[in-house]
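Undergrad: sequence first, then the predicted structure, then my questions.
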Amino acid sequence: MESKAPQEHAAWIGPLEAAVEESLEGLFLLRRHLHQHPELSGEELETTTHVARLIEGLALPLKIADQQRGLTCELLAPDSASDLPRLALRADIDALPIQDAKQVDYHSCREGVMHACGHDVHTTMLYGALRVLKQLADDDHLPWPIAVRGIFQPAEETALGARYMILNQALRDVAAIIGIHCDPSRSVGRIGISPGVLTANCDMFKAKFRGRGGHGARPHQTIDPIDAATQWVQSVYRSVSRSLDPHEATVISIGRFDAGNKANVIPDNAILEGTLRTFHSGARASALETIGKISEAVTLATGCDIDFELGFSAPAVDNDPALVEVISHAARQTLGKHAVEPIPRPSMGSEDFSYYLEHLPGAMFRLGTCSEQIGQEPLHSPHFDIDQRAIAGGVRLLAATVIEYFDPRRND
């Protein structure tokens, strides 16, 4: 990408900074409102309505998805930019089934539901970026035309939302997509980003063990599914890692074990649920083959039938190098020359942002949200919070990335 002198940026960076500063008080209030009123995946009706009202206030065309959850909107500046392929900016809007344990005045008002992954922050920053870009357009401070699609997506935590929004035509006329995620391991003013694989493939699975129950005093008259399940777990934990190349990161974890309801009764059935995470298709295939062999061996040893079922499978997020360069350049321009921190190795977590990348190039970056005072609790913690100064940086970066992306010299 062509290097541009700082004076060439002054014409729009100054107004962008001013527009962000002018918006901050309202954005802080929006984030706190969303944090107080979280909604679980599949239930984001009030959040969608609230965001829609905000977008209507910007006089941007919007479309609410068919189940009244999630929406898209358009920012074309000038109107003649309608012929340009869109750059999509995506934010997720759902929360988690976690009890908010923070002692703050913006504590969640909903029992057992909390924005513990920063989706309220993502939503606020996307709205803020649209608001700032709209103001720059109205004040004639944009250096060239832009065409933005805002995607406010439900159900990220259940990995259903991206595909739902795609079915609702969220990617129509879109050429590329940018995603953002809070990162409590990084300081405010820093971003983590790298080209290539960012997150792992994630397979949800269920293993059903069908035995024959009976009295706990006479186990010889039963086919004990708990015995079979525990053998299976130990074998899978040990063998999957031992059967694969150590350079091929693979993580298998059991998150649910359900069997029986009385201390002295051996049940008929047991159920395990868990996740398998890999970076490459070869490692995934090898792990599943090993699991199949273990299931056959445990059945032979215990007499218990085992049904292994794969659930949803979220592919890996694979960042487009050209978009990573655009984001990185925008970060250095707006957050400082040392703002960009390369991510040395991919995360074993998963993100349904990857489903968009099956259709077009995209990139996701991680925005630092912690300081010495606040924001050091990990994602999905009941104490999760952010240093709200991160919101200003995220808005500046998203807006600047849009402007950089549409620079007519970028592909010269």
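TA: Ah, there it is. Please read all numbers here as calculations on a predicted model, not as lab measurements.
Undergrad: can you list the weak-confidence ranges in the stretch 301-412 of the chain?
TA: Within the stretch 301-412 of the chain, the set of residues satisfying pLDDT under 70 comprises 412.
Undergrad: just give the closest residue to residue 377, not the sequence neighbours.
TA: Here the nearest residue to residue 377 in space, its sequence neighbours aside, is residue 383; by CB to CB, 6 or more residues apart in numbering that works out to 4.3 Å. C-betas here are computed from N, CA, C, even on glycine.
Undergrad: secondary structure element for that neighbour, which one?
TA: Using DSSP states H and E, no element contains residue 383; it sits outside every helix and strand.
Undergrad: so it sits against residue 376, correct?
TA: No. Using CB atoms under 8 Å, residue 383 is not in contact with residue 376, being 9.3 Å away.
Undergrad: who's more crowded, the two?
TA: The residue with the greater number of neighbours, taking residue 383 and residue 376 and applying other CB atoms under 10 Å, is residue 376; the counts read 17 against 14.
Undergrad: quick one: neighbours of the residue nearest to that one when sequence neighbours are not counted, just the number.
TA: Counting by CB to CB, 6+ apart, the nearest residue to residue 376 once its immediate chain neighbours are dropped is residue 370, at 4.9 Å. Neighbour count for residue 370, taken as other CB under 10 Å: 21.
Undergrad: after the host helix or strand of residue 56 comes which helix or strand?
TA: Under the criterion DSSP H and E, the helix or strand holding residue 56 is helix 45-57. Going down the chain from helix 45-57, the next helix or strand is strand 62-64, by DSSP H and E.
Undergrad: who's in contact with that following strand?
TA: Outside of strand 62-64, the residues that reach it under the criterion CB atoms under 8 Å, 6 or more residues apart in numbering are 48, 52, 55-56, 70-74, 168-169.
Undergrad: per-domain residue ranges of the protein.
TA: 6-199+316-405, 201-314 (automatic domain parsing).
Undergrad: next up, the contacts around the residue nearest to residue 376.
TA: By CB under 8 Å, 6+ apart, the contact set of residue 370 is 184-188, 376, 386-387.
Undergrad: just the buried ones from the residues you listed, in PyMOL syntax?
TA: Only the buried members of those enter the following PyMOL selection, criterion being 16 or more other CB atoms under 10 Å:
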select buried, resi 184+186+187+188+376+386+387
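Undergrad: mark which of the contacts of residue 370 are part of helices, please.
TA: Among the contacts of residue 370, the subset assigned to helices under DSSP state H is empty.
Undergrad: isn't residue 378 right up against residue 349?
TA: No. Judged on CB under 8 Å, residue 378 makes no contact with residue 349 at a distance of 11.2 Å.
Undergrad: looking at those two, which one has more neighbours?
TA: Applying other CB under 10 Å to residue 378 and residue 349 shows that residue 349 carries more neighbours, namely 16 against 10.
Undergrad: what's the closest non-adjacent residue to that one?
TA: Using CB to CB, 6+ apart, the nearest residue to residue 349 is residue 199, at 5.5 Å.
Undergrad: which SSE is residue 181 in?
TA: For residue 181, the host element (DSSP H and E) is strand 174-187.
Undergrad: what is the helix or strand just after that strand packed up against?
TA: Counting by DSSP H and E, the next helix or strand C-terminal to strand 174-187 is strand 191-193. Contacts of strand 191-193 with other secondary structure elements, assessed using 3 or more CB pairs under 8 Å, 6 or more residues apart in numbering; DSSP states H and E, are made with strand 174-187, helix 321-335, strand 340-342, strand 362-370.
Undergrad: change it to 7 Å
TA: Of the remaining helices and strands, those touching strand 191-193 by 3 or more CB pairs under 7 Å, 6 or more residues apart in numbering; DSSP states H and E are helix 321-335, strand 340-342, strand 362-370.
Undergrad: so which of the ones you listed is nearest residue 289?
TA: strand 362-370 (30.6 Å; CB to CB).
Undergrad: in its sheet, which strands sit next to the closest one, and in what direction?
TA: According to DSSP bridges, strand 362-370 forms sheet pairs with strand 174-187 (parallel), strand 191-193 (antiparallel).
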